[in-house]
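> Test case, fold it:
(one chain, ligands or ions: 1)
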Amino acid sequence: MIYEPLSISDIMQQYDKTRLENSRLLAQRREEIYEKIPIIKEIEDAASSSYISSVLARLTGDTNPDLDYKTVSQNNRKRTATKKQLLVKAGYPEDYLEPIYTCPLCQDTGNVEQGRCKCFREKIINHLYLQSNLTNILEKENFDTFKLDYYSKELVDDYDFSPYDNMVNILSSSKEFVENFSTKKSHRGNLLLYGEVGLGKTFLTNCIAKEILNKGHQVFYLSANELFQNVLSPYLMNHEKDLAELYKYVYNCELLIIDDLGTELINSFTLSELFEVINQRNIQGKSTIISTNLGLKELRAKYSERIVSRLIDGYTKFKFFGENIRYKKSLNSTNN
Ligand SMILES: [Zn+2]
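From the prediction side, this is the model:
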């Protein structure tokens, strides 16, 4: 993917384009109808020429009652009604020749009386979705589809609470994280999601991402492997200029999600880059969510102390435990 920042003038250009496309479409419709129902063209011509005559009459002081503004408007309303009847009779919708608006609220200008139209915000959110790297997944994975039933209410190992209670807790803290995210401008917190495979860490990350995108914030999702292989290494080692914006986005986006930390190839380069990303984002008050299948001990063994200490101190830690739920899910989907 290529990161493209979005400016107000980009959005305004999108509106220009929409208006142009819609006016072309209307012109096509006119041509089509004039050919099939020529009388409609005659009706429209009569309406506009009588309107012009009425304006002229007013300007020149002509008192001909047929050219009176009220009479002309009345006649034109009748013409419009006839036109609609003709369209419907020929199997078209009655508004087939009316101006076409993709957003009728602002008539594709982006502005309404109170300020920006809601479609303006939607354009920004769509853009954020595209840039997040997550577009398709979020349809299926969000807080509405998160199922607690997969987690057992039985105690396991030495834990004082069940996997179910643990998830209830994690879920409510995650929602709190989302809430805080929209109220604060920076230092909105970081999350470290850790525990064994198949316990719903990535799913939960996607739930959080979706909520935050919907609130109009930037989210950038990368697996640890993608982060190093597709962005950091090619940019820093091969100087790939195309990646400059994406590289900056790793550091500047409002929420960076690094999924599956520990699956990347670890060497001195990736260690120092990971530290830079974590540290710089902390300093700038940008949020990061990291998920990993490694436990805290394993993290310590794999990564340098300065990385791990930043994760321990600066991140709210959610430990996932219990039975692998992927298996339960796959059984469930084959039964459905
Ligand atoms: Zn609008």
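> Around the ion, which positions in the stretch 1-150 of the chain sit nearby?
Contacts of the stretch 1-150 of the chain with the ion, taken as C-beta under 5 Å from the ion, map to Cys103, Leu105, Cys106, Cys117, Cys119. C-beta: built from backbone N, CA, C; applies to glycine.
> Mind naming the longest helix for the protein?
helix 8-36 (DSSP state H).
> circling back: can you say which of the residues of the stretch 1-150 of the chain next to the ion are buried?
Of all those considered here, the ones buried according to neighbour count by 16 or more other C-beta atoms under 10 Å are Cys103, Cys106, Cys117, Cys119.
> Closest residue of the stretch 151-300 of the chain to the ion?
Ranked by C-beta to the ion, the top residue of the stretch 151-300 of the chain for proximity to the ion is Gly216, at 15.8 Å.
> In contact with that residue, which residues are there?
Taking C-beta atoms under 8 Å, 6 or more residues apart in numbering as the contact definition, Gly216 lies against Arg121, Ile124, Ile125, Leu128.
> on that earlier part again, after the longest helix of the chain comes which helix or strand?
helix 38-60 (DSSP states H and E).
> Show the average pLDDT along that next one.
Along helix 38-60, the predicted local confidence has a mean pLDDT of 92.
> And for stretch 251-263?
Summarised as a single mean, pLDDT over stretch 251-263 is 93.
> So Leu193: helix, strand or coil?
Reducing the assignment at Leu193 to three states with DSSP: H, G, I helix; E, B strand; the rest coil gives strand.
> wait, doesn't it sit right on Thr205?
Yes - under the criterion of C-beta atoms under 8 Å, Leu193 is in contact with Thr205, at a separation of 6.6 Å.
> of these two, who's got more company?
Remark: of Leu193 and Thr205, Leu193 carries more neighbours, 27 against 24, as counted by other C-beta atoms under 10 Å.
> check contacts around the more buried one.
With C-beta under 8 Å, 6+ apart, Leu193 has these contacts: Lys201, Leu204, Thr205, Ile289, Ile290, Ser291, Thr292, Phe318, Phe320.
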